[in-house]
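Participant: build me a model from this:
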Amino acid sequence: MTTRLNTTVSLSEPDDVLAAVPHMLGFHPTNSLVVLTLHDLGFTPRFGVTVRTDLPCSMRMCGFGEYLLSGPLGRQRAEAVILVVIGEEPSTDACDDNCAGACRRPLLNGTGADEIDTGPPLADLVDVIRDSFHRAGIVTAHAMWAPQIQAGASWRCYSDPECFGEIPDPKSSPVAAAMAAAGSVTFGSRDELRALVAPESAQAVTRWSAKLDALAEERIEDHDPARVSRDVQLVHAAIQRAASGSALTEDDKLRVLLAVSDTRVRDIALGTALGDTAKAAEELWLALVRNAPDPELPEVAALLAFSAYLRGEGALAGVALERIERVEPDHQLGALLRQAMEAGLPPTELAVIARDAAEDARIMLEEDGAW
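Facilitator: Presented below is the predicted three-dimensional model:
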């Protein structure tokens, strides 16, 4: 789920909406269903969240509308939606053994259904979703298909054979300009986004692991109850330095990484996503995620995911959570953030949770004499 844009941009034509989709998601989707929610139809209609999912295999199509409504869309109170189908190849990754064969067959109305033009591919999927949304009181304002979102690609409507056109250059979209002004980046694919949070190199991770082991040995000798308080101060000082434009050394970053590996420090550090230095903090979390060994990765990746989600960068938050899930599937904060994303919890509500978590951590430290 993504809500990236917090400014006003007019999108009145279908091709404008299609060109805006990559920027609303944060990457160029392929073989996807994208749902854009609409609100305030009686006044000035506005977009809400943007949800992307893989195309389902044919055996899972019948309940796909209910599946969508059981996730983030169910909480949004959308009055209407725009459906955008991109490509026509269903994902085999989301299918179990019983469905795998069907995944490799074209969906109804897909490529190879027959030689006669029966309209855009996957019309049956769109009908299923439209019916489910109608029963939930949600109007499907528009439904479109395109093979891909790129300049010059053809698009077609599902309900009107006379409704078609070519996608303008997404890089020239008004939304692209607004995103660039806000400092947001749109990636060429989800894999490019995953590469952003991937390890910088095996050698760097190994080097950091050895240095962290040495730092951890030093800390074993330190029984000062005020250490946690000092760690919190160290983290905030590093963020302030980064925000002022001062470069952090590798040793600085290692000490921050070790500090936030303590969940009490991490919980207080969640609050950095709410202040003036949020951008600098998130850039620091990203740098640490790219070099963190597995034992230290989950806490700093959770900080990155939280910060990204709070900014509306659901796609970045999602790939940060993927890294946690590969290393520590039962990680508590990672699981809570995943549940929040899947439930469509608004970032504003998550911000309240962060303030509460930081305050609870401070109270616990005061009670233990560590603050």
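Participant: and V35, what does it touch?
Facilitator: By CB atoms under 8 Å, 6 or more residues apart in numbering, the contact set of V35 is T50, V51, R52, L68, L73, V81, I82, L83, V84. The C-beta positions use only the backbone N, C-alpha and C, and glycine is treated the same way.
Participant: in which helix or strand would I find it?
Facilitator: strand 32-39 (DSSP states H and E).
Participant: mind listing the strands that strand pairs with, and their directions?
Facilitator: If you go by DSSP bridges, strand 32-39 pairs up with strand 46-54 (antiparallel), strand 80-86 (antiparallel).
Participant: one step back: give me the lowest-pLDDT entry from the contacts of V35.
Facilitator: Least confident entry in the contacts of V35, by pLDDT: L73, with 81.
Participant: strands of this structure, start to end?
Facilitator: Taking DSSP state E, the strands of the chain run over residues 32-39, 46-54, 80-86, 139-146, 154-157, 164-166.
Participant: can the ones you listed go into a markdown table with extra columns for distance to V260?
Facilitator: A markdown table is the format used below for the strands of the chain (distance: least, CB to CB, whole Å):
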| stretch | distance to V260 |
| --- | --- |
| strand 32-39 | 34 |
| strand 46-54 | 29 |
| strand 80-86 | 38 |
| strand 139-146 | 42 |
| strand 154-157 | 45 |
| strand 164-166 | 48 |
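Participant: which stretch in those is the model least sure about?
Facilitator: Of all these, the minimum mean pLDDT falls on strand 46-54 (a mean of 87).
Participant: so for that one, what gets flagged as buried?
Facilitator: Neighbour counts over strand 46-54 (16 or more other CB atoms under 10 Å) mark F47, G48, V49, T50, V51, R52, T53, D54 as buried.
Participant: and these, which is closest to V126?
Facilitator: T53 (13.5 Å; CB to CB).
Participant: show me the contacts for that closest one.
Facilitator: S32, L33, L68.
Participant: show me how to select, in PyMOL, the buried members of the residues you listed.
Facilitator: What follows is the PyMOL syntax for the buried subset of these, where burial is set by 16+ other CB under 10 Å:
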select buried, resi 32+33+68
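Participant: looking at the contacts of T53, which is nearest S154?
Facilitator: S32 (17.1 Å).
Participant: low-scoring stretches of the chain, by residue?
Facilitator: 1-12, 91-117, 176-185, 221-225, 361, 364-371 (pLDDT under 70).
Participant: let's see that with 50 instead.
Facilitator: 4-5, 8-9, 97-108, 111-114 (pLDDT under 50).
Participant: just give me the neighbour total for L18.
Facilitator: 26 (other CB atoms under 10 Å).
Participant: ditto for A351
Facilitator: 17.
Participant: the one 5 residues further on too?
Facilitator: The criterion is other CB under 10 Å. On that basis, D356 has 12 neighbouring residues.
Participant: tell me the contacts of it?
Facilitator: D356 neighbours (CB under 8 Å, 6+ apart): none.
Participant: so how far is P293 from it?
Facilitator: Distance, D356 to P293, by CB to CB, to the nearest Å: 30 Å.
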